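Undergrad: sequence and computational prediction follow.
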Amino acid sequence: MSGGFREPLLLLHGLGGSKLIWEPVLGLLETERQPLALDLPGFGATPPLAAQVEPTAANLAAAVHERCLELGIERTHVAGNSLGGWVALEMGRAGWAASVTAISPAGLWRAPIGPRRLDTQGWARRLRPLISLALRSQPLRERMLATFAARPEQIPAAKARALILSWVDANGYEDANREMRSHVFDPSGYPEDIPVTLAWGERDRLVAPPRPERRPAGARFLVLPGVGHTPTWDDPELVARTLLEGSAVSFAG
């Protein structure tokens, strides 16, 4: 299959992340898909949405779709993690996704979770020089990574530094975090012809699995053993297999 047509698979990161999170699985996907990892608006190398556009999951999905159109992609398989999983689900609702695979997606909680009591990014920005220095220490680095990774020791030091500082520096974090915590995903009326896979890390410390009524009708639900909220470094083979199985349906266009 590597010498023939490979259907595209769009990869979307979570809140505070960047397309870097997908690096461990790209090579494992390339034999069967054409993976495309993008930075969400306000993260990584992508500027935030226009000031008058709130960065809700639906609006982020629309912006990602516009970017895909610029790349000549009208419809694609979509996979996402955390907030990126919610954005992927909204792309499916809009008909822009041939399939959706969401790993520990945000928004499937029963009610808005409300603002955080502590402005963690604000403090992190004030303490950025100290954080940058602390990242030289393996124990401290792994403690920071353990919030989203079950096996932080598997993340190389340079990648760990880039992951954490990309969160500190993300211009879109505050607004996207506010909108994410102010809304819930609506599973009602979800298109039944869009295959949906919801995969949850067994050791996810950030987001609890949703109740059945909070899932799109017909969605396949999986528990990924031994991995955390963002599991691409925890078990790249397991994540790649989950993404390939979730996007196994063929599409035209």
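TA: Perfect, I can see it now. The model shown is predicted, which means the values in this text are computed figures rather than measured ones. Numbers count the residues shown, from 1 in each chain.

Undergrad: please, where are all the helices along the stretch 101-250 of the chain?
TA: 120-126, 128-134, 138-145, 157-169, 173-182, 236-246 (DSSP state H, counting those that start in this stretch).

Undergrad: pull the residues that contact the third one.
TA: When you say that, I think you mean helix 138-145. Ala134, Leu135, Pro152, Glu153, Ile155, Ala157, Ala160, Arg161, Leu163, Ile164 (Cβ atoms under 8 Å, 6 or more residues apart in numbering). Glycine gets a C-beta too; all of them are placed from N, C-alpha and C.

Undergrad: can you put the residues you listed in TSV and add neighbour count, distance to Asp193 and pLDDT?
TA: Formatted as TSV, those follow (neighbours: other Cβ atoms under 10 Å; distance: Cβ to Cβ, whole Å; pLDDT from 0 to 100):
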residue	neighbour count	distance to Asp193	pLDDT
Ala134	15	49	94
Leu135	20	46	95
Pro152	19	39	97
Glu153	13	42	97
Ile155	23	38	98
Ala157	13	45	96
Ala160	21	40	96
Arg161	17	43	96
Leu163	24	36	96
Ile164	21	40	96
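
Undergrad: tell me the contacts of Glu153?
TA: Each residue near Glu153 by Cβ under 8 Å, 6+ apart is listed here: Glu142.

Undergrad: how near is it to Asn81?
TA: Note on Glu153: its distance to Asn81, by Cβ to Cβ, to the nearest Å, is 20 Å.

Undergrad: dump the helices of the stretch 101-250 of the chain to JSON lines, plus distance to Pro8.
TA: Output for the helices of the stretch 101-250 of the chain, formatted as JSON lines (distance: least, Cβ to Cβ, whole Å):
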{"stretch": "helix 120-126", "distance to Pro8": "32"}
{"stretch": "helix 128-134", "distance to Pro8": "36"}
{"stretch": "helix 138-145", "distance to Pro8": "30"}
{"stretch": "helix 157-169", "distance to Pro8": "24"}
{"stretch": "helix 173-182", "distance to Pro8": "25"}
{"stretch": "helix 236-246", "distance to Pro8": "12"}
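
Undergrad: between these, which one is nearest to Glu7?
TA: helix 236-246 (10.6 Å; Cβ to Cβ).

Undergrad: so how far is the closest one from its chain's centroid?
TA: Between the centre of helix 236-246 and the centre of its chain there are 14 Å (Cα atoms, centre = their mean, to the nearest Å).
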